[in-house]
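Asks: sequence and predicted model, in that order:
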There are 2 protein chains.
Amino acid sequence: MSDNRVVIIGAGFAGLWAAKRLSGSQADVSILDRDNYHTFLPLLYQVAAAEVEPEDIVYPVRSIFHKHPNVRFLMDEVIEVDLTDSSVKTTHHAFPYDTLILAGGSAANFFGIPGAAECAFQLKTLEQAIRLRNHILFRFERALCETDADRRRQMLTFAITGGGPTGVEFAGALAELIRGPLARDYYSLDFSQVQVLLIEAAESLLPSLPPELDRYAQKRLRRMGVEVLLQARVVQITPQTLHLSDGRVIPTETVVWTAGVRGGLTELTAGLPTTPNGRVKVTPTLQVEGYPQVYVAGDLAYVEDNGKPLPMVAPVAIQQGEWAASNILRQMAGQEPLPFCYRDPGTLATIGRNAAVAQLGRRTFTGFPAWLLWLSVHIMKLIGFRNRLQVLVDWSWDYLFYERAVRLIFPNPGNSSDADFRG
Amino acid sequence: MSDNRVVIIGAGFAGLWAAKRLSGSQADVSILDRDNYHTFLPLLYQVAAAEVEPEDIVYPVRSIFHKHPNVRFLMDEVIEVDLTDSSVKTTHHAFPYDTLILAGGSAANFFGIPGAAECAFQLKTLEQAIRLRNHILFRFERALCETDADRRRQMLTFAITGGGPTGVEFAGALAELIRGPLARDYYSLDFSQVQVLLIEAAESLLPSLPPELDRYAQKRLRRMGVEVLLQARVVQITPQTLHLSDGRVIPTETVVWTAGVRGGLTELTAGLPTTPNGRVKVTPTLQVEGYPQVYVAGDLAYVEDNGKPLPMVAPVAIQQGEWAASNILRQMAGQEPLPFCYRDPGTLATIGRNAAVAQLGRRTFTGFPAWLLWLSVHIMKLIGFRNRLQVLVDWSWDYLFYERAVRLIFPNPGNSSDADFRG
């Protein structure tokens, strides 16, 4: 068994599905993550929009592997990957490996825009989503007591940068939160002062999808009260303003950054061949050139498919995690690893109540059918029966009563020293 | 209307039920709280034992008063009560009042025991309950990596001080969490090293209840693996130890303080007549001697009933909040306020699965019937239909599958600057 030690760094989609594939095999698997739970990232924006509860979209990793003693989970911070010594160092431990799967995911890419890293809110972790939710709700509480109309308008202006799926989905969810429950909760506020801006540098929204989906998304978002600014490039962000390249300055205390991603765990991939945005270049078999014992899967892996890089999305991560694990099992059985082959299940993005866009192969859908499809896919994909049930309860409640389940300002930004830490 | 301005400080049971009683009346009501939600305190210990989710036991205050424009809620911190000027100052505002209801609740009373305020965990707010939950779960994560047996035993020793209802309920819930889900999650740990201690200075548990309930609670807790120490007085707490008056030193990183409460908001009650433990002395009509425009309700109010002080529990707070509000309405109608009269609904405490104790008038119950009663009362009393439904889902899941819903270590103590802040 001593040449079967597999260490997986990261319990996101890639890491978790790799571990699942290896559970019950001859491999001796350790999966490491700094948190004790897996986060269902495609629904993170709904936490930020107070649509589902944080606990609905996370699941404790340990309980997934109860029945598989060959997989052990450890909640620990990885400090160093020693490629020469073939071992992973954490705060409390060292894990020698025979094979390593790097599945460290991605982080926000601010492209060096001044103030972005310090002042923009992000949507990559549960902490960030909750911080953004609390911040948004607290703007309404503060606006109630604000007598200066300009300051109030500034508090109630919410700018989302990036017109990809996350930006579009969050803009829609935020507009619905505002028009519905918040309009009822803060009935004494003048809601004509509330603005949701969706800012995209390109000429269209959802640039990776067919143009008819962009047209539908724009029409729908505008009808929901979202102001869509295209060909608008952000050049600076301060705690009180957003600056565009055409000189416009938008007074706002809330800029949400969904405009770019890069490879995560940069400090751990130092010795490996990386792209300019921090992803690790891998061979078609998902191994690293020169380090055949190192696999990379998910957002961190840079692979091309028909000359185009594969997108940083959950289906790619899941398939790569499983594929890397299968290749490891093949090698353990004395076989050659096989080149990864991506089966595209299509793309889905929801915009609001009964409204979504979908691309399945060459076909596109919009509106209610796409929304139903989105709903069923996401319910099915959520890990753990209980989470599915709870999300379904939350969503149904929201759908039937136009009332968001949760709009707690918790933890209270007033108590915490990191009230304005947005990282 | 200008002599009808009622300001309520605190949205706990007393404050919230006072506001409910005044909704739809001629009173112009402002209810202030530092959080935007009401916490169902009797179930707080279940959050700390990872039995229900934090969102299950809290409810946004604003949405309770949607349909009552004469009640406005403000999330704000009260800085000063100016009794001469009849106004309440908050961080952002000033609220002149004609009548004030002080419903500031209670805080932990450490009786000056060295280290208690700094090192003990408390169970008075949602933040504290989550911090305790994360700390307990994280002890198990850390114990996994600990090679020194004494250190491991210390990490896995959990001491609860105070054998009243909260201490008994939490000890039972923690023992069930450990024996069930945690034993499965951390199957490689030696669970003979795990200890739950319940420490009480008096000769019996539940000292305010009849002795047969104490006997049942002790028997039941011992069967669940809880070590009950009676006549044990805590004299010092450090981050690593608990010291008793007989010289015993218990190595533990987790001391939970449920041994005493005192009036909260001490900085706001400066000019008022108070008891040594910080509660405000009120007249039988719940007004303050010398300040007929100031009412006090809930834990903060000190009232005697047949020569004994009324306990600091939810039913007293609810009845006093409603009574204070009714007296205010009587005064607005030109009538005299009436003396408060407490209708005791009985006492209930749950110990674990199918086990509880109950006192209704002169009758006592134990076991399954008491547990069923406890269950139905708490489900009925939870504010908001949705919360009841969710708690029911959580509890049923737990009951049917012996699996706790949530055992997330979140927020991650490793990320937060207040990892060891236990206040």
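Replies: Happy to help now that I have it. Numbering: from 1, shown residues only, chains lettered A, B, ... in the order given.
Asks: domains of chain A?
Replies: A:5-34+A:76-108+A:261-332, A:116-258+A:346-401 (automatic domain parsing).
Asks: quick one, which of those domains is nearest to B:Ala217?
Replies: Smallest distance to B:Ala217 across these (Cβ to Cβ): 30.9 Å, for domain A:116-258+A:346-401. C-beta here means a position set from N, CA and C on the backbone, and glycine is covered the same way.
Asks: sorry, back to before: reformat the domains of chain A as CSV; add distance to chain B, mean pLDDT and mean neighbour count.
Replies: CSV is the format used below for those (distance: least, Cβ to the nearest Cβ, whole Å; pLDDT from 0 to 100; neighbours: other Cβ atoms under 10 Å in any protein chain shown):
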stretch, distance to chain B, mean pLDDT, mean neighbour count
domain A:5-34+A:76-108+A:261-332, 5, 94, 20
domain A:116-258+A:346-401, 4, 92, 19
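Asks: hey, where'd the helices end up in chain A?
Replies: Secondary structure of chain A, counting by DSSP state H: helices at A:13-22, A:44-48, A:61-64, A:116-119, A:126-145, A:149-155, A:165-177, A:183-185, A:211-223, A:314-332, A:367-381, A:385-401.
Asks: by contact count, what packs against the fourth one?
Replies: Here helix A:116-119 is seen to pack against strand A:234-237, strand A:254-257 when contacts are counted using 3 or more Cβ pairs under 8 Å, 6 or more residues apart in numbering or on different chains; DSSP states H and E.
Asks: could you rerun that using 10 Å?
Replies: Secondary-structure packing of helix A:116-119 (3 or more Cβ pairs under 10 Å, 6 or more residues apart in numbering or on different chains; DSSP states H and E): strand A:234-237, strand A:241-244, strand A:254-257.
Asks: sorry, back to before: among the domains of chain A, which comes closest to B:Ile409?
Replies: Closest to B:Ile409 of these is domain A:5-34+A:76-108+A:261-332 (Cβ to Cβ; 10.1 Å).
Asks: what about that closest one, start to end distance?
Replies: End-to-end span of domain A:5-34+A:76-108+A:261-332 (Cα to Cα, to the nearest Å): 11 Å.
Asks: out of the helices of chain A, which gets nearest to A:Thr252?
Replies: Closest among the helices of chain A, once you apply Cβ to Cβ, is helix A:149-155, at 6.2 Å.
Asks: helices and strands around the closest one, which ones?
Replies: Using 3+ Cβ pairs under 10 Å, 6+ apart: helix A:149-155 touches helix A:126-145, strand A:249-251.
Asks: with distance to A:Val88 added, can I get these in a markdown table?
Replies: Formatted as a markdown table, the helices and strands packed on helix A:149-155 follow (distance: least, Cβ to Cβ, whole Å):
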| stretch | distance to A:Val88 |
| --- | --- |
| helix A:126-145 | 24 |
| strand A:249-251 | 45 |
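Asks: nearest to B:Ser23, of these?
Replies: Closest to B:Ser23 of the helices and strands packed on helix A:149-155, according to Cβ to Cβ: helix A:126-145, at 18.8 Å.
Asks: TSV for the helices of chain A, including distance to A:Gly290?
Replies: Below are the helices of chain A laid out as TSV (distance: least, Cβ to Cβ, whole Å):
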stretch	distance to A:Gly290
helix A:13-22	21
helix A:44-48	35
helix A:61-64	31
helix A:116-119	32
helix A:126-145	35
helix A:149-155	53
helix A:165-177	34
helix A:183-185	58
helix A:211-223	41
helix A:314-332	17
helix A:367-381	35
helix A:385-401	41
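Asks: what's the closest of these to B:Arg62?
Replies: Comparing these by Cβ to Cβ, helix A:183-185 comes nearest, at 4.4 Å.
Asks: what helices or strands is that closest one leaning on?
Replies: Short answer (3+ Cβ pairs under 10 Å, 6+ apart): helix A:183-185 packs on helix A:126-145, helix B:61-64.
Asks: and the contacts of the last one?
Replies: Read it as helix B:61-64. Helix B:61-64 is contacted from outside by A:137, A:140-141, A:181-182, A:184-187, A:403-404, A:407, B:11, B:15-16, B:19-20, B:23, B:31-33, B:35-38, B:71-75, B:383-384, using Cβ atoms under 10 Å, 6 or more residues apart in numbering or on different chains.
Asks: again, only this time at 8 Å
Replies: The contact list for helix B:61-64 (Cβ atoms under 8 Å, 6 or more residues apart in numbering or on different chains) reads A:181, A:184-186, A:403, A:407, B:11, B:16, B:20, B:31, B:33, B:36-38, B:73, B:383.
Asks: let's have the helices and strands packed on helix A:116-119 in a markdown table, adding distance to A:Gly290.
Replies: Below are the helices and strands packed on helix A:116-119 laid out as a markdown table (distance: least, Cβ to Cβ, whole Å):
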| stretch | distance to A:Gly290 |
| --- | --- |
| strand A:234-237 | 38 |
| strand A:241-244 | 44 |
| strand A:254-257 | 34 |
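Asks: out of the ones you listed, flag the one nearest B:Leu177.
Replies: Nearest of the helices and strands packed on helix A:116-119 to B:Leu177, taken as Cβ to Cβ: strand A:254-257 at 36.8 Å.
Asks: what is the burial count for A:Glu336?
Replies: 8 (other Cβ atoms under 10 Å in any protein chain shown).
Asks: tell me who's in contact with the closest residue to it other than its chain neighbours.
Replies: Nearest non-adjacent residue to A:Glu336, counting by Cβ to Cβ, 6 or more residues apart in numbering or on different chains: A:Arg330, 6.8 Å away. Counting by Cβ under 8 Å, 6+ apart, A:Arg330 touches A:336-338.
Asks: closest one of those to chain B?
Replies: Chain B has its nearest neighbour among the contacts of A:Arg330 in A:Pro337, at 31.4 Å by Cβ to the nearest Cβ.
Asks: that closest one contacts A:Gln287, doesn't it?
Replies: Yes: contact criterion Cβ atoms under 8 Å: A:Pro337 and A:Gln287 qualify, at 6.7 Å.
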